[in-house]
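**Student:** The sequence isn't on hand, but the structure is:
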């Protein structure tokens, strides 16, 4: 039975030290990589550290490198260069990270259509861009409402994302120090459960400047004098702070299943509280406070503590903090079990440092990836247990190897502990999917379509080419029809478009070649955005083969056509035509029904028609679409059909005469050589913004060619109507390749 309060993590993105993506982050975790670099004296001097400062014995020449903090794709987000230079890199990075997380969750299109909430947090001012660079190099207004404030103040972290991505749910900046990002997750979860939102985004960005700078360990007991974080180890001596950004996309579990989403893990519960005054100092943590949050989260998850097989700990590696955290966990676990050493513990901080406001989200992404891969990863820099922890007498043991995660129970249940200076505690319970849901097959039994369209798009031609290469070179290539579904439904359709008609037998290499050839043959220009809907040209032909109707009827995407064709055939107007005494009237009725049903199918796919233009018999399709009463035009149609019949008989009688050939040629305005779909030459000098539905011979290939042309011109397709529900499984694909340039105020000096 599905738990109605489970929340699915359907998308994630991150930029952590030495990891520009979740895949790279996972590889680093699996390999036990420490992403902490050592600094040379020259690097320190370049960062503005004096010789007298870094020559002190307590100065630690170490930092966690975060790549490209000075770079940003300002053009993509429509931000002028002058503003991009002034904007805090934490806010710039957050825009890119959330965009990638929505891509990963297949929610870029639906996020704008549903209530989507943004809950975001950013780093403090001490090592911020505002404090380190902007106030030194910017000479303009710095008052309330100034660009300096709007582009750097944490109040605008979430709201800027909502504005730039057109997200219309709650948009909140969240600040509780080191537990901020998990409080953001808690708020998003609560809003989902209350029905306030349909999609929740929790995000954090903490970037410390200048980057290539160490620290003086003597200034605080929390700093490691060795520049290494050794969580729970007997030689633990403190932590090292770092920079990073991350985001997760959350949905109600039942919604994620209904939408066919890829799910990393389930968030079963979160609990938030504050220590209050029950501790010896404002910056200290409290055993009772932590334990209360843990007990509440375990109860809300509907499990007992002995079902937990892993805890991702806060794990700052401080002499006071580590023992207090283990004591809190023991207190919570003791209410349910007295079992010893059955639950693994670990922390991500030895790998990437303490990311402050983003620390909790780094832990959450690590844990979600562990659950997805069903693997435990090593907690590095561990020598032997800190004796003060008394681990052998506790329920806990260290996770020290990359190994299969095989709990005693069938399900993987894990906890996540996150603490903040000031006493705000967060504890969360995560799990994998129930076996019945994880192994459930696609329930619509869709037959893979013979053909489809694959639309990849970008803001520039250069980015489009890079995007095609990224998709084509993905290490886990999908069959093209599945790839088309994932890209069409989950990625934004931007101005520079490349839409290729594909079939099930085409290889990824063949798609790449066709896509790049198409780009090379075209000039870079913005795709046409329709200021007015499309004009629809009706030009029915002489005969509609039953096989052509059957071909469309067999495609589940064309169900609207099937229903509309039968509805028009049964309509009063076409019944009158069928019952007419004029020759070929049954054929004409079928022909008009085919044309009208095709119009309804295109409309169902999202193509908005402003007007209709009929040619030949197509004039009567136009009249039917415009609801003109049949008594006003039926007699005219009968006369035309009699003339058409006489011309054909005359041509057959004089088949080798010039007169017969002329008669047939003259009659082509009334009936072409086959049912219509698309002719790549315009009629009556119509502009590029008008799409002509006419062709020499109808095939389904021409239907997809028409659709591809329309998409490339800028039309917005309703992909939810185009594809049957859960047509294919959703997959993680390479993200949009932002075209980053350096934006930095110091460059203006």
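**Tutor:** Looks like it arrived, so ask away. Everything numeric in this text was worked out from a predicted model, so none of it was measured.

**Student:** CA only for contacts and neighbour counts going forward, please
**Tutor:** Noted.

**Student:** show me where pLDDT drops low in the stretch 401-550 of the chain?
**Tutor:** 438-447, 523-544 (pLDDT under 70).

**Student:** residue boundaries of the helices in it?
**Tutor:** 435-438, 461-472, 480-490, 508-521, 546-554 (DSSP state H, counting those that start in this stretch).

**Student:** Then the stretch 201-350 of the chain?
**Tutor:** Using DSSP H, counting those that start in this stretch, helices in the stretch 201-350 of the chain cover 253-258, 287-300, 321-333, 349-352.

**Student:** ok, and the helix or strand in this structure with the lowest average confidence?
**Tutor:** helix 658-666 (a mean of 29; mean pLDDT, DSSP states H and E).

**Student:** so what's the residue positioned nearest the centre of the chain up against?
**Tutor:** Nearest to the mean C-alpha position of the chain, by CA atoms, centre = their mean, lies residue 103 at 1.8 Å. For residue 103, the contact set (CA atoms under 8 Å, 6 or more residues apart in numbering) comprises 11, 490, 491, 735.

**Student:** and with 7 Å instead?
**Tutor:** Residues in contact with residue 103, defined by CA atoms under 7 Å, 6 or more residues apart in numbering, are 490, 491, 735.

**Student:** circling back: heading C-terminal from the least confident helix or strand of the chain, find the next helix or strand.
**Tutor:** Next helix or strand after helix 658-666 toward the C-terminus (DSSP states H and E): helix 700-712.

**Student:** pLDDT averaged over whatever helix or strand comes next after that next one - what is it?
**Tutor:** Proceeding N to C from helix 700-712, the next assigned helix or strand is helix 719-722, under DSSP H and E. Helix 719-722 shows a mean pLDDT of 93.

**Student:** Would you mark the buried spots in helix 719-722?
**Tutor:** 719, 722 (16 or more other CA atoms under 10 Å).

**Student:** Just list what it packs against, helices and strands only.
**Tutor:** Applying 3 or more CA pairs under 7 Å, 6 or more residues apart in numbering; DSSP states H and E, we find helix 719-722 packed against no helix or strand.

**Student:** List the strands paired with the helix or strand that it is followed by, with their directions.
**Tutor:** Per DSSP H and E, the first helix or strand lying C-terminal to helix 719-722 is strand 741-742. Paired neighbours of strand 741-742 in the sheet (DSSP bridges): strand 71-72 (antiparallel).

**Student:** Show me what the next helix or strand after the strand it pairs with is packed up against.
**Tutor:** Downstream of strand 71-72, the first helix or strand assigned by DSSP H and E is helix 81-86. Using 3+ CA pairs under 7 Å, 6+ apart as the contact test, no helix or strand touches helix 81-86.

**Student:** residue contacts, the closest residue to residue 519 other than its chain neighbours?
**Tutor:** Nearest non-adjacent residue to residue 519, counting by CA to CA, 6 or more residues apart in numbering: residue 498, 7.3 Å away. Residue 498 makes contacts with 455, 456, 457, 515, 712, as judged by CA under 7 Å, 6+ apart.

**Student:** List only buried entries from these.
**Tutor:** Buried among these (16+ other CA under 10 Å): 455, 456, 457, 515, 712.

**Student:** now the residues you listed in a markdown table, with distance to residue 159?
**Tutor:** Shown next, in a markdown table, are the buried ones among the contacts of residue 498 (distance: CA to CA, whole Å):
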| residue | distance to residue 159 |
| --- | --- |
| 455 | 30 |
| 456 | 28 |
| 457 | 26 |
| 515 | 37 |
| 712 | 32 |
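
**Student:** which of those sit farthest apart?
**Tutor:** 515 and 712 (12.2 Å; CA to CA).

**Student:** To what extent is residue 64 buried, counted in neighbours?
**Tutor:** 28 (other CA atoms under 10 Å).

**Student:** Check whether residue 205 really touches residue 90, as I assumed.
**Tutor:** Yes: look at residue 205 against residue 90 with CA atoms under 7 Å: they come within range, at 5.2 Å.

**Student:** mind listing what residue 493 touches?
**Tutor:** Counted by CA under 7 Å, 6+ apart, residue 493 has contacts residue 457.

**Student:** 10 Å - rerun?
**Tutor:** 108-109, 455-459, 487, 711-712, 714-717 (CA atoms under 10 Å, 6 or more residues apart in numbering).

**Student:** Please identify which of the residues you listed is nearest to residue 165.
**Tutor:** residue 108 (8.7 Å).

**Student:** wait, which of the buried ones among the contacts of residue 498 is closest to residue 96?
**Tutor:** residue 457 (16.7 Å).

**Student:** Please verify my assumption that the closest one contacts residue 490.
**Tutor:** No: using CA atoms under 10 Å, residue 457 is not in contact with residue 490, being 12.0 Å away.

**Student:** ok, back up a step: separation between the residue nearest to residue 519 and residue 464?
**Tutor:** 8 Å (CA to CA, to the nearest Å).

**Student:** Now the common contact residues for these two.
**Tutor:** 456, 457, 458, 515, 516, 519.

**Student:** can you give me how far stretch 65-72 is from the chain middle?
**Tutor:** Centre-to-centre, stretch 65-72 and its host chain are 22 Å apart (CA atoms, centre = their mean, to the nearest Å).

**Student:** So which residues make contact with that stretch?
**Tutor:** Contacts of stretch 65-72 (CA under 10 Å, 6+ apart): 15-20, 35-38, 81, 84-85, 88-90, 92-93, 95-96, 207-209, 211-212, 242-245, 352, 738-745.

**Student:** Residue 345 touches residue 398, doesn't it?
**Tutor:** Yes: between residue 345 and residue 398 there is a contact at 5.1 Å, judged by CA under 10 Å.
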